[in-house]
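Undergrad: Got a predicted model here, sequence first, then my questions.
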Amino acid sequence: MSSTHPTTVTAPPGTPFIEVVRDVDAPRPLVFRAFTDPTLVTQWLGPRRYEMVLDHWDARTGGSWAYAHRAGDEEYGFFGTFHSVVPDTRAVQTFEFAGAPGHVSLDEVTFEDLPGGGTRIVTRSVHQSVESRDAMVGSGMADGMSEGYDRLDELLASDVVA
């Protein structure tokens, strides 16, 4: 299934910032739940070719998270801390790839109501350096996020979240 909504990734040259915007056809509380409920996160976050193995996902202010994406002999671990979680509105967290220790980004995701009952998801990330940001963009992040958001569309259209 492909989405009717594109994922837009903006990474202005020479800055450590990335912005990702995606509209979905579901109300904000359901979208927020898909981002914070560990049983739902595992069903959409990341590319289809990887199984998401969740260590923990404590989506609350002061909580933390860790997971791995696995496919055959490949495994990529990620972890971070939730700094601020405001139900149905926003979450601020750190993000670190276990394969590049010390390269931590600070990410804010906001959920905005759209006319007709949809939601705009806006993620803003700041990296410690332009080089670190460029490495993230060069890793295929945009394709992985787009595929994950396509999976989110499918999940939101199912009876699982309703």
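TA: Cool, got the structure.

Undergrad: So what's the residue count around Ala66?
TA: Ala66 sits with 16 neighbouring residues when counted by other Cβ atoms under 10 Å. Where C-beta positions appear, they are placed from N, C-alpha and C, glycine not excepted.

Undergrad: That one contacts His56, correct?
TA: Yes - counting by Cβ atoms under 8 Å, His56 is a contact partner of Ala66 at 5.8 Å.

Undergrad: backbone phi and psi for the nearest residue in space to Val126 that is not next to it in sequence, please?
TA: Nearest non-adjacent residue to Val126, counting by Cβ to Cβ, 6 or more residues apart in numbering: Leu106, 5.2 Å away. Dihedral pair for Leu106: phi -110, psi 120, per degrees, to the nearest 10.

Undergrad: so who does Leu106 touch?
TA: Leu106 is in contact with His83, Val92, Gln93, Thr94, Phe95, Ser125, Val126, counting by Cβ atoms under 8 Å, 6 or more residues apart in numbering.

Undergrad: measure the second one to Gly117 for me?
TA: Read that as Val92. Distance of Val92 to Gly117, given as Cβ to Cβ, to the nearest Å: 26 Å.

Undergrad: who has more neighbours, those two?
TA: More neighbours surround Val92 than the other of Val92 and Gly117, with 17 against 11 (other Cβ under 10 Å).

Undergrad: residues contacting the more buried one?
TA: Going by Cβ under 8 Å, 6+ apart, Val92 touches Phe82, His83, Ser84, Val85, Leu106, Asp107, Glu108.
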